[in-house]
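Student: sequence and predicted structure below; questions after.
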Amino acid sequence: MTLPYDFKKCEETGRIDNFAIAGKLKEGSYQGLRFNDSDVFKVMEGAAYSLSLQADPELENYLDDLIETVAAAQEDDGYLFTTRTIDPNNLAVDTGETRWAYLEKSHELYNVGHMYEAAVAYFQATGKRNFLAIAINNANLIDSVFGPDKMRDVPGHQEIEIGLAKLYRVTGEKKYLELAKFFLNERGNDQERSTYGDYCQDHKPVIDQDEANGHAVRAVYMYSAMADVAALTADNDYIQAVDRIWDNVISKKIYLTGGIGSRHEGEAFGDNFELPNDTAYNETCAAIGNAMWNHRLFLLHGEAKYIDILERIIYNGFLSGISLSGDHFFYPNPLEWDGKFAFNIKTTSRQPWFHCSCCPTNVVRFLPSLPGYLYAHENNAIFINLYIANSATIQLADQTVSLNQETNYPWDGKVTLSLETDAKSEFEIRLRIPGWTQNRPVPSDLYKYSDENEEAVSLNINGSPVPLELDNGYACLKRVWGKGDTIELNLPMPIRRVLCSENVESNRGKVALERGPIVYCAEGVDNGGKALDLILPDSAMLKYEPRSAIMNGLPVIRGIDEGREITLIPYHAWAHRGEGEMAVWLKRG
């Protein structure tokens, strides 16, 4: 639904026509913002992930035609920036007077970073090199321009660094990785150029940074690239820096929903513990970037705590950004609303599109990429990271393993895994045991549960219980596996009251509710028109209702105290029934 919708919007708004006009396939002038090329590339990336999951000849043909149009827009030396190609003198779109002259705001390098990601995804999905060739030509041009002994500057909006790391992985060309590291290393270098300040994370060298600040999306794209470089080069300074920044975010700057970026002004991180609910920005793009960053940190360190954050984002802070119908979007995602504040780019409801539509197009590339987050493998071990009904085949060093996962997670904590192997052999299965089952909503003291959960996680192999032995948040099952072996995991899902650090002023004296990985909120429509003044007493009985009369069976939590009832729904499902008050954090009684 969302993929064809986004392509249609890119056609209707001239985003795709810009490539045709730049390639002299049609007449016209540039339409839209200077970074509109990137929206098309993100939707193409999402389409490539979709093709990797299921063959679709019609979609593949559409993409091949679109790739031809992109190729036509590329200049002879590899340059690709349709607004400049169409009209080099059009300064109204903030591109600068010449190539590379306005990198702080032009998005010249940002756009092509998304192209590299899309081209790599399409190559991996289809084996075709048509899109990859365009990306390589462009990357070679940029490599000829930028470097320690060439032009020394950085993109105001990070992204090309991620794309270059992906190009390196598929081509083996070390110069792409070196160029990515150059752009990162050049940040904060005020000896060679004028820096762009902390809004662009260009205030000090990346290896000296220890706090997340500035524009949140730019920041987490940069941190993702730092994690890539750290993993690919084993650079200890990078590893230490990205770990320090992560600690700062997780302990002082992340919302309960996994959202980041507390300020509308600058779409930015705030100060430590600055986490207002009503004016929270929590851009959907930032949630996606945060998920990407945490996944990379898992790949770097192999610890479950990063997947715990990833999961929190997926089911809450990201998912609220898209409607249940898949065609309306939030740009910001607050945790409280008075029913009046026009928080969603001057509107009060999810919108079908935006003039700056980075969020809808980011959604469409993130959703079909999710299967790539479920599993990982290293040497002779398989990591089971996310619990979603699926089938997968994983190639270990000397063994092919087929997995079938049956579950109704995140609504039910029972997970059944069935294994098929070529022959009996020894390898390790590492099952993530979520932090919320271990009385830790996040891997810091920023949030905590009001009491201990005494319901234990249980684990069975072929019907027989096995002890839960955890290593870095994973239950480690090393044994000889054979055809038809089954694993049963039971993750108890009681309703949990969540409290926030007293350092967060906006949450003092308040409580939030979770069940499993799902954060809940109250909406006025269910509570007599009110949500902001609701009181949830500690003595209130909490009852989970798996299929309610709300929105065709939405699971809800009822809080009942002295005959009064409060209803809460999953946070991601709010704002589907008209405009009214909403609150995640309720007054604690």
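Tutor: Cool, the structure landed.
Student: do I have it right that residue 145 meets residue 139?
Tutor: No - Residue 145 sits out of contact with residue 139 when judged by CB atoms under 8 Å, with a separation of 10.8 Å. Glycine gets a C-beta too; all of them are placed from N, C-alpha and C.
Student: these two: which is more packed in?
Tutor: residue 139 (26 against 14; other CB atoms under 10 Å).
Student: show me what secondary structure element comes after whichever strand or helix holds that one.
Tutor: Taking DSSP states H and E as the criterion, residue 139 maps to helix 130-145. Downstream of helix 130-145, the next assigned helix or strand under DSSP H and E is helix 160-171.
Student: which stretches of the stretch 401-550 of the chain form strands?
Tutor: Assigned by DSSP state E, counting those that start in this stretch, the stretch 401-550 of the chain shows strands spanning 414-421, 425-432, 447-449, 458-461, 464-465, 470-471, 474-481, 486-490, 495-500, 510-515, 518-523, 535-536, 541-545.
Student: those: which one's closest to residue 108?
Tutor: strand 518-523 (38.4 Å; CB to CB).
Student: residues touching that closest one, excluding its own?
Tutor: 256-257, 312, 315-316, 335, 410-411, 512-514, 531, 534, 555-557, 566-572, 574-575, 577, 580-584, 586 (CB atoms under 8 Å, 6 or more residues apart in numbering).
Student: which of these are buried?
Tutor: Among the contacts of strand 518-523, those classed as buried by 16 or more other CB atoms under 10 Å are 256-257, 312, 315-316, 335, 410, 512-514, 531, 534, 555-557, 566-572, 574-575, 580-584, 586.
Student: the residues you listed in strands, which ones?
Tutor: Per DSSP state E, strands hold the following members of those: 512-514, 556-557, 566-570, 582-583, 586.
Student: where does residue 397 land in three-state SS?
Tutor: coil (DSSP: H, G, I helix; E, B strand; the rest coil).
Student: what sits against the residue lying closest to it once chain neighbours are set aside?
Tutor: Leaving aside its sequence neighbours, residue 397 sits nearest to residue 380 (CB to CB, 6 or more residues apart in numbering; 6.0 Å). Residue 380 sits next to 396-397, 399, 426-428 when contact means CB under 8 Å, 6+ apart.
Student: let's go with 7 Å and repeat that
Tutor: Taking CB atoms under 7 Å, 6 or more residues apart in numbering as the criterion, residue 380 is in contact with 396-397, 427-428.
Student: same question, residue 117
Tutor: Residue 117 neighbours (CB under 7 Å, 6+ apart): 45, 162-163, 166.
Student: try 8 Å
Tutor: So residue 117 contacts 41, 45, 162-163, 166, 365 (CB under 8 Å, 6+ apart).
Student: ranges for the helices of the stretch 301-450 of the chain?
Tutor: 304-312, 358-366, 371-374 (DSSP state H, counting those that start in this stretch).
Student: among those helices, which comes closest to residue 113?
Tutor: Closest among the helices of the stretch 301-450 of the chain, using CB to CB: helix 358-366, at 12.7 Å.
Student: now that closest one: mean pLDDT?
Tutor: Helix 358-366 shows a mean pLDDT of 97.
Student: next one: that helix to chain centre, how far?
Tutor: 10 Å (CA atoms, centre = their mean, to the nearest Å).
Student: then stretch 45-65?
Tutor: 21 Å.
Student: what's the end-to-end length of that stretch?
Tutor: 15 Å (CA to CA, to the nearest Å).
Student: check which residues of that stretch are buried.
Tutor: 45-52, 59-60, 63.
Student: can you list contacts of that stretch?
Tutor: 3, 6-7, 44, 114, 117-118, 121-122, 124-126, 128, 130-131, 361, 364-369, 371-372.
Student: how about the helices of the stretch 151-300 of the chain, start to end?
Tutor: 160-171, 174-185, 216-233, 236-252, 284-301.
Student: list the contacts for the closest residue to residue 442 other than its chain neighbours?
Tutor: Nearest residue to residue 442 in three dimensions, chain neighbours excluded: residue 250, at 6.1 Å (CB to CB, 6+ apart). Counting by CB under 8 Å, 6+ apart, residue 250 touches 309, 442-444, 446.
Student: by neighbours, which of those wins?
Tutor: residue 309 (25 neighbours).
Student: wait, that one touches residue 444, no?
Tutor: No - if you go by CB under 8 Å, residue 309 and residue 444 don't touch, sitting 10.1 Å apart.
Student: and the pLDDT at the residue sitting nearest the centre point of the chain?
Tutor: Against the mean C-alpha coordinate of the chain, by CA atoms, centre = their mean, the closest residue is residue 288 at 2.0 Å. pLDDT, residue 288: 98.
Student: I figured it was touching residue 317, is that so?
Tutor: No - judged on CB under 8 Å, residue 288 makes no contact with residue 317 at a distance of 9.5 Å.
Student: got the domain ranges for this protein?
Tutor: With domains defined by automatic domain parsing, the chain comprises 1-197, 374-433+456-490, 495-588.
Student: in a markdown table: the ones you listed, plus distance to residue 228 and mean pLDDT.
Tutor: Below are those laid out as a markdown table (distance: least, CB to CB, whole Å; pLDDT from 0 to 100):
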| stretch | distance to residue 228 | mean pLDDT |
| --- | --- | --- |
| domain 1-197 | 4 | 95 |
| domain 374-433+456-490 | 15 | 95 |
| domain 495-588 | 26 | 97 |
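Student: and those as TSV, adding distance to residue 354?
Tutor: What follows is these, written out as TSV (distance: least, CB to CB, whole Å):
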stretch	distance to residue 354
domain 1-197	10
domain 374-433+456-490	29
domain 495-588	16
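Student: between those, which gets nearest to residue 356?
Tutor: Counting by CB to CB, residue 356 lies closest to domain 1-197 out of the domains of the chain; the figure is 6.0 Å.
Student: that closest one: how far from the chain's middle?
Tutor: 20 Å.
Student: any idea how far apart the tips of that domain sit?
Tutor: Terminal residues of domain 1-197 are spaced 40 Å apart (CA to CA).
Student: cool, and stretch 429-442?
Tutor: Terminal residues of stretch 429-442 lie 24 Å apart, using CA to CA.
Student: list the buried ones in that stretch?
Tutor: Using 16+ other CB under 10 Å as the test for burial, stretch 429-442 gives 429-437, 440-442.
Student: just those now: which is nearest residue 331?
Tutor: Nearest member of these to residue 331, counting by CB to CB, is residue 442, at 24.3 Å.
Student: which residues touch residue 316?
Tutor: Contacts of residue 316 (CB under 8 Å, 6+ apart): 256-259, 517-519, 571-572.
Student: so how far is residue 272 from it?
Tutor: 22 Å (CB to CB, to the nearest Å).
Student: check residue 51 too.
Tutor: Taking CB to CB, one finds residue 51 at 43 Å from residue 272.
Student: and residue 434, by the same measure?
Tutor: Taking CB to CB, one finds residue 434 at 26 Å from residue 272.
Student: and what of residue 545?
Tutor: 38 Å.
Student: and residue 564, by the same measure?
Tutor: For residue 564 relative to residue 272 (CB to CB), the value is 37 Å.
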